[in-house]
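>>> no FASTA, just this:
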């Protein structure tokens, strides 16, 4: 929510923070992480953090994925040798010193389109929505992984 003081919280699921427009600041592990349009941050479960956005033009989309959903639907992504799969492996099997992954996508049109399609799908017919959302997130994570490894 915009115009709300940042409050510390944590989740028992993965959180993908996408800055669709504007800026925000993500506070985690005593660090202030400025984010701008096109930035994507994947937060591991059980990480205490805070997010602030205070401008009219700030639009931030949060995508929440249960650990169990990730294991059921996206476990195949762990087989690859990528930055993203390494992050998820560390999250599932070890304690990670850096429990988030930040990527400056420079407004990558494919990643932006996938996130916006998934967001638009929310609230649609439930049985169809869940299948589409899973497909969009799988495609997003696969594409994100490839893009990150090419930087």
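Nice, thanks for sending it over. The structure displayed is predicted, hence computed values, not measured ones.
>>> point out where the chain drops to low pLDDT.
1-2, 4, 71-80, 94-96, 123-151 (pLDDT under 70).
>>> in it, which spans are strands?
Ranges of strands in the chain, per DSSP state E, are 13-21, 23-28, 31-36, 39-43, 49-52, 59-66, 100-104.
>>> can you list the buried residues in the first one?
Of all the residues in strand 13-21, those buried under the rule 16 or more other CB atoms under 10 Å are 13-20. For the C-beta atoms, the positions are set from N, CA and C on the backbone; glycine is no exception.
>>> equivalent analysis for the fifth one, please.
Neighbour-count burial for strand 49-52 flags 49, 51-52 (criterion: 16+ other CB under 10 Å).
>>> out of these, which comes closest to residue 100?
Closest approach between those and residue 100, by CB to CB: residue 49, at 7.8 Å.
>>> show me what the residue most central in space within the chain bridges to in the sheet.
Nearest to the mean C-alpha position of the chain, by CA atoms, centre = their mean, lies residue 16 at 1.5 Å. Here residue 16 sits in beta bridges with residue 42, residue 63, going by DSSP bridges.
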